[in-house]
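A.B. asks: turn this into a model:
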Amino acid sequence: MSPISKLISETCSKVQAKRERRKEARPGELLAAALELFVEKGFAATKSEEVARRAGVSKGTLFLYYASKEELFKAVVRDTIAGRFPEWHAEFDAFTGSTADMLRYAMQNWWQRVGATSAAGITKLMMSEASNFPELAAFYQQEVIEPGHDLIRRILQRGVERGEFRPLDLEHAVYAVLAPMIFLMTWKHSFGACAGSCGLLVPEQYLDTQVDVILHGLCAPVAQPANPKEKS
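C.D. replies: Numbers count the residues shown, from 1 in each chain. Here you go, the predicted model:
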């Protein structure tokens, strides 16, 4: 092979490799662009061509990967939230500390991995648009809400079985844990974006306070009467 032919061959190989790398990265780029737009504009207002444009591809290319806007949204949810439940259950199985420590760890790490990210906007989106898109609501119920309830229920059940928590109505106690997390997600994408007093809430401190309230309630401990035998 002549030097020129060799140079042309090497150049073509590099171009082809670059195209292959670009092709492999494209689904992730589309999901990132879609997440940004869904959170900014909502599901109904986001157009497929906007997602394609932000990702730097044509609308036709977008539909090569995702057949519809609904399928694109489902892929975003699986990529950012639903697909992480196996990882979180594995952490549950490996945790060796107290259940109180587990609950604190779970809520703080949830904030770092989901709540503080753009993915938190998906929850606010679903709360505002679920009634208009029942198919997506059913999908979110099955792949996010139910697995989330199952994981929190496992944590609470662990505490009850180990004698660390008193017997609970687990189906409803789950919401005591969920409520502060849902509040933070909606706050972050509404009042949390404001300046001044709207932004004074510190999420990590808020979650610490919520865990303390869940574990200990609001009432001060009742002083136990002195045991007469101890005085003698």
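A.B. asks: pLDDT score for Gln224?
C.D. replies: Predicted confidence (pLDDT) at Gln224: the value is 71.
A.B. asks: tell me how many other residues crowd it.
C.D. replies: Neighbour count for Gln224, taken as other CB atoms under 10 Å: 6. Every residue, glycine included, has its C-beta placed from N, CA and C.
A.B. asks: check whether it sits in a helix, strand or coil.
C.D. replies: Three-state call for Gln224 (DSSP: H, G, I helix; E, B strand; the rest coil): coil.
A.B. asks: for it, phi and psi?
C.D. replies: Torsion angles at Gln224 (phi, psi; degrees, to the nearest 10) stand at phi -80, psi 140.
A.B. asks: what residues does Met185 make contact with?
C.D. replies: By CB atoms under 8 Å, 6 or more residues apart in numbering, the residues touching Met185 are Gly115, Ala120, Gly121, Thr123, Lys124.
A.B. asks: the residues you listed in helices, which ones?
C.D. replies: Members of the contacts of Met185 lying in helices (criterion: DSSP state H): Ala120, Gly121, Thr123, Lys124.
A.B. asks: what residues does stretch 46-54 touch?
C.D. replies: 30, 33-34, 36-38, 58-59, 61-63, 69, 72.
A.B. asks: where does the protein have low pLDDT?
C.D. replies: For the chain, the stretches with pLDDT under 70 are 1-25, 193, 195-199, 226-232.
A.B. asks: how near is the spatially most central residue of it to Phe139?
C.D. replies: By CA atoms, centre = their mean, the chain has its centre lying nearest to Val114, at 3.7 Å. Going from Val114 to Phe139 by CB to CB, to the nearest Å gives 18 Å.
A.B. asks: I'd like the distance from whichever strand or helix holds Arg54 to the chain centre, please.
C.D. replies: If you go by DSSP states H and E, Arg54 is part of helix 48-55. A distance of 23 Å separates the centroid of the chain from that of helix 48-55, by CA atoms, centre = their mean, to the nearest Å.
A.B. asks: just stretch 124-135 next, same as before
C.D. replies: Relative to its chain's centre, stretch 124-135 lies at 17 Å (CA atoms, centre = their mean).
A.B. asks: ends of it, what's the gap?
C.D. replies: Terminal residues of stretch 124-135 lie 17 Å apart, using CA to CA, to the nearest Å.
A.B. asks: list the buried residues for it?
C.D. replies: Of the residues in stretch 124-135, Lys124, Leu125, Met126, Glu129, Phe133 count as buried by neighbour count, 16 or more other CB atoms under 10 Å.
A.B. asks: ok, the first one - contacts?
C.D. replies: By CB under 8 Å, 6+ apart, the residues touching Lys124 are Val39, Met185, Thr186, His189, Ser190.
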